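Visitor: got a predicted structure plus its sequence, pasted below:
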Amino acid sequence: MSIDSASLLADPHFFFSFRHGARVLLAIYDENPALGGLFSSQQRWLMSHAAFALACSHDPEEPASGLYAARFISVVQEHAVASKNTAADFIQELLEHGFIHVAPGQEDRRRKPLIPSDLPSQAMSQWLELHLGCLDSFDGGRRAETYAADPSLLSRLQPCIAQRILTDNAVRYQGPTFNLFTWANFGGLLMDLLIGAVDPGEHGAGLQAERIAAGTLSINEVARRFSISRTHVMRLFNKAAEAGDIGWSGRRGESAVWISHRLLQDYSRYQAAKHALVDAAFAEVTGG
């Protein structure tokens, strides 16, 4: 039986699992900004999953199957993820970075199936391992071990997860400030940065406070780290501050920062919904 989101939210250890996940995603970005940038916002994260799922669906016996630019754009628009132009630009970006390429032996220029390179495949596999490992830590399961033992699981499991992600509003949307960050350019990574720095206090007591310590944050350093404008970062943080979800102990943008209990709860609900659907997909695909 798969784990539901309510059970995850009720477990005091769940915070530490998803905080670890936030730190892992930041490390991936630092190592390879172009690759990490694919998950830098909710929109790009959803498009990445949609593209990979289509690539996994390729069947040599079915010429219309697999990842094609037109098919990808259609799926993205169908699920209200992005506009036609944004989806087309995303595919072009994947091609330019070598994250996908045209399948060899394709002579029909009107139909060019695209396949992922090793690097994004490894990153998607790491994402799956991260979530399966978190679920195992919750109930002592062996999902990650099962996944590692069967290389075919990536192409079978990820499309099942992607379909759920694209249609689950609890994953796509939460509170106003959560949505503000995650749907903005690089906003997802900014949220990961805040969550990754949260200090839970002794025995996690700090997580119940109305204002939760989240380390020292410099707007200038954040802008440099993610190669985005200081103005963009300040706009997001100022809006979050106006909503009462972020604040500083001293000078704004240069001192210790806190996030609201409400924002942490929104992020927690998102993580719980995401992990629950990963578990449901795993149970469906493996029968366990």
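Guide: Sure thing, it's come through.

Visitor: which parts of the stretch 1-150 of the chain are strands?
Guide: 100-102, 114-116 (DSSP state E, counting those that start in this stretch).

Visitor: would you map the helices across the stretch 151-288 of the chain?
Guide: Taking DSSP state H, counting those that start in this stretch as the test, the helices found in the stretch 151-288 of the chain are 153-167, 169-172, 176-182, 187-196, 219-226, 230-242, 261-286.

Visitor: number of residues surrounding S2?
Guide: By other Cβ atoms under 10 Å, the residues close to S2 number 17. The way it works is simple: take the backbone N, C-alpha and C, and place the C-beta from them, glycine included.

Visitor: typo on my end, it should be S227
Guide: Using other Cβ under 10 Å, S227 is surrounded by 9 other residues.

Visitor: just A256 next, same as before
Guide: When neighbours are counted by other Cβ under 10 Å, A256 comes out with 15.

Visitor: how about the contacts made by it?
Guide: Applying Cβ atoms under 8 Å, 6 or more residues apart in numbering, we find A256 in contact with A213, G215, T216, L217, W248, S249, G250.

Visitor: and those residues, which are buried?
Guide: By the neighbour-count criterion of 16 or more other Cβ atoms under 10 Å, the contacts of A256 include these buried positions: A213, L217, W248.

Visitor: just the residues you listed: which are in strands?
Guide: A213, W248 (DSSP state E).

Visitor: convert the C-alpha atoms of stretch 239-254 to PDB, please.
Guide: C-alpha atoms of stretch 239-254 as PDB (Å, rounded to 0.1, in the frame of the first residue of the first chain):
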ATOM      1  CA  LYS A 239       6.500  40.600  -2.800                       C
ATOM      2  CA  ALA A 240       7.000  37.700  -0.400                       C
ATOM      3  CA  ALA A 241       7.900  40.200   2.400                       C
ATOM      4  CA  GLU A 242       4.800  42.200   1.700                       C
ATOM      5  CA  ALA A 243       2.800  39.000   2.100                       C
ATOM      6  CA  GLY A 244       4.500  38.400   5.500                       C
ATOM      7  CA  ASP A 245       6.200  35.200   4.400                       C
ATOM      8  CA  ILE A 246       9.800  36.400   4.400                       C
ATOM      9  CA  GLY A 247      11.800  38.900   6.500                       C
ATOM     10  CA  TRP A 248      15.200  39.800   7.700                       C
ATOM     11  CA  SER A 249      16.700  40.300  11.100                       C
ATOM     12  CA  GLY A 250      18.600  43.400  10.000                       C
ATOM     13  CA  ARG A 251      19.200  45.100   6.700                       C
ATOM     14  CA  ARG A 252      17.000  43.700   4.000                       C
ATOM     15  CA  GLY A 253      18.800  41.400   1.600                       C
ATOM     16  CA  GLU A 254      22.000  41.400   3.600                       C
END
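
Visitor: next, the buried residues of it.
Guide: For stretch 239-254, the neighbour count (16+ other Cβ under 10 Å) marks K239, A240, A241, D245, I246, G247, W248, G253 as buried.

Visitor: which ones are touching L67?
Guide: With contact taken as Cβ under 8 Å, 6+ apart, L67 is in contact with A51, L54, A55, S57, H58, I100, P113, L114, I115.

Visitor: so the first one touches I100, yeah?
Guide: Yes. The pair formed by A51 and I100 meets the contact definition of Cβ atoms under 8 Å, at 7.3 Å.

Visitor: the two - which one has more neighbours?
Guide: Between A51 and I100, counting by other Cβ under 10 Å, A51 is the more crowded of the two (27 against 23).

Visitor: tell me the pLDDT of that one.
Guide: Note for A51: predicted pLDDT of 97.
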